[in-house]
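# quick one: sequence and predicted model below, then my questions.
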Amino acid sequence: MNERNDETRKEAEQIDLYSLLLDYLRVLSRMWLWVVLLAAAGGILFFIRDYTSWSPRYTASAVFTVSISSDTQNSSGAGSFYASSTAEQMEKTFPYILTSGVLSRRAAAEMGQDNISGSISASAEPNTNLFTMSVTDSDAQRAYDTLQAVITCYPEVAEVIVGRTSLQLLDESGVPATPNNPRNSQEATKRGAVIGVGLGLAWTLFVMLSRRTVRRRNDIPRYINVKCLGEIPQVTLKKRSQKGKQVLNITDEKINGDFLESIRLIRNKIEYSAAKNHQKVVMVTSALAGEGKSTVAVNLALSMAQNGKRVVLMDCDLRNPSDREILRLPEGEGLYEVLKGEADIQDVLIDRKKLNFGKDMDFYFVPGGKAVADGSKLLDSGQMETIIEALKKAADYIILDSAPIGILTDAGILAQYADSAVCIVKKDYARVDSIMEGMEELADGHVHVIGGILNGV
């Protein structure tokens, strides 16, 4: 039993990691331009820094053989051993000589200067009497002149430590012609671009982790504390023409099968909840605009009609009525004109015949009519309540396509006429706190929230 639980836990962890990767790639697909801009900015900044801060470094060097005077050999008795190890001793004592400053001062005096600007170093070949002395400076001629001064002064300074020595020149570089640190702006640009990309990817990760949104269906009960009624898959439509907007409508014979099936499953759950709680008026809303609320409302009403129910769809988003477009209907009068007293409900009500639906679909549609800047006063009227009460007597279900509840007051006003509500949540779109504010407004209106629908469109 424990082994089975361990396997289940490992599978869940793998799924979570895979989901996080998908979420990261989804956020990156929206932020890729920022990553490119950061890469370009990093490359440019590193190029400028390299171009302005680069300073050439020239190294002049000379190779010697080190020998000791005959007096030192006879007195020490070391002979050839002392001669072969002198170069290594000189290399070991060289840092101390440089630290003391004696050699630098003597070489500077030899050159007629107060101090030496370059750096001096020395090395010896193991088990030989070969000794290399080098001077590095930003000026090629000065590096060479400093080397000559050091060569002249060094034996006298080192005599106190390693005894009297003689340096015999074997080879020297002369005045260096090229710097030993050539300018490489291309490499600096690449390094800056890589750092920029890294910062962009890190920023994307920060945005993904800090921006708390609904990314998968189990986030709805976890974050919003309502049941998830289903998930609508992402549907990519073919661009048949640049004219007009492509819409999703389940009455279309070429509609995506996954989309159709998801609408049916959601419809069944809503009908079951509505029948169980004796509810007729269902409001469909969302936290923000652009979450696919109207598409779901229209297709939910159509699916209920296909399932043998008498359904009335009302476009109550008076600020942005769009249900006509989804049903492929021309512009005309609607709910706005009725509430203004400019038309009668029977004049604007569209039945199945005008929509070219078969006899098996008992479907009616009340369009929104003219778009207005503020429809809250019209919705909060006795006329609106009278219309809904009259339609409730003739229909099994009334679907109210509401304005977004997170940004407008219209949905809160419309909630007083609804028995229940469904919240459409677009995947990785609205922040959880925005959705929760909408849910609180529905709760204040004492509306039963059936659940949330995750829209992957």
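Here it is on my side, so go on.
# from start to finish, how long is stretch 48-59 in a straight line?
This stretch, stretch 48-59, spans 26 Å end to end (C-alpha to C-alpha, to the nearest Å).
# who's in contact with it?
Residues outside stretch 48-59 that contact it (C-beta atoms under 8 Å, 6 or more residues apart in numbering) are 134-140, 143, 173, 176, 178-181, 183-185, 188-189. Placement of C-beta: from N, CA and C, glycine included.
# could you pull out the buried residues of that stretch?
50, 57-59 (16 or more other C-beta atoms under 10 Å).
# and if you look at stretch 123-137?
So stretch 123-137, judged by 16+ other C-beta under 10 Å, has buried residues 123-124, 129, 131-137.
# need the longest helix for this structure.
helix 2-53 (DSSP state H).
# pLDDT, distance to Tyr336 and secondary structure added to the buried residues of stretch 48-59, as CSV?
Conversion of those to CSV gives the following (pLDDT from 0 to 100; distance: C-beta to C-beta, whole Å; DSSP: H, G, I helix; E, B strand; the rest coil):
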residue, pLDDT, distance to Tyr336, secondary structure
Asp50, 87, 65, helix
Arg57, 91, 79, coil
Tyr58, 93, 83, strand
Thr59, 93, 85, strand
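# want to throw these into CSV with distance to Pro330?
Listed next are the buried residues of stretch 48-59 as CSV, based on distance: C-beta to C-beta, whole Å:
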residue, distance to Pro330
Asp50, 64
Arg57, 79
Tyr58, 83
Thr59, 84
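# of these, which is the nearest to Ile224?
Asp50 (51.9 Å; C-beta to C-beta).
# tell me the spacing between that closest one and Ala41.
In this view, Asp50 and Ala41 are 15 Å apart by C-beta to C-beta, to the nearest Å.
# could you tell me how many residues sit around Leu205?
Leu205 has 14 neighbouring residues, counting by other C-beta atoms under 10 Å.
# next, the contact list for it, please.
Tyr24.
# secondary structure element holding it?
Leu205 belongs to helix 185-210 when assigned by DSSP states H and E.
# ok, now how distant is the residue lying closest to Val207 once chain neighbours are set aside from Ala149?
Closest residue in space to Val207, ignoring its immediate chain neighbours: Val27 at 5.9 Å, by C-beta to C-beta, 6 or more residues apart in numbering. For Val27, the distance to Ala149 equals 63 Å [C-beta to C-beta].
# and those two? Which one has more around it.
When neighbours are counted by other C-beta under 10 Å, Val27 and Ala149 differ, and Ala149 comes out ahead with 23 against 20.
# checking that one next. Helix, strand or coil?
Here Ala149 is recorded as helix under DSSP: H, G, I helix; E, B strand; the rest coil.
# for the protein, which segments count as strands?
Counting by DSSP state E, the chain has strands at residues 58-68, 119-124, 130-137, 165-172, 228-232, 281-286, 311-315, 350-351, 363-366, 397-401, 420-426, 448-455.
# Ala275 is nearest to which of these?
Short answer: strand 397-401, nearest of the strands of the chain by C-beta to C-beta, at 9.8 Å.
# next, the angle strand 311-315 makes with that closest one.
Strand 397-401 runs at 20 degrees relative to strand 311-315, counting by axes from the mean of the first three to the mean of the last three C-alpha atoms, to 10 degrees.
# which other residues reach strand 397-401?
With C-beta under 8 Å, 6+ apart as the test, strand 397-401 has contacts from 271, 274, 280-284, 293-294, 297-298, 300-301, 304, 309-317, 323, 388, 391-392, 414, 417-418.
# distance from the chain centre to that strand, please.
Relative to its parent chain, strand 397-401 has a centroid offset of 38 Å by C-alpha atoms, centre = their mean, to the nearest Å.
# tell me the one of the buried residues of stretch 48-59 nearest Ala343?
Looking at the buried residues of stretch 48-59 and their distance to Ala343, the nearest is Asp50, at 73.1 Å (C-beta to C-beta).
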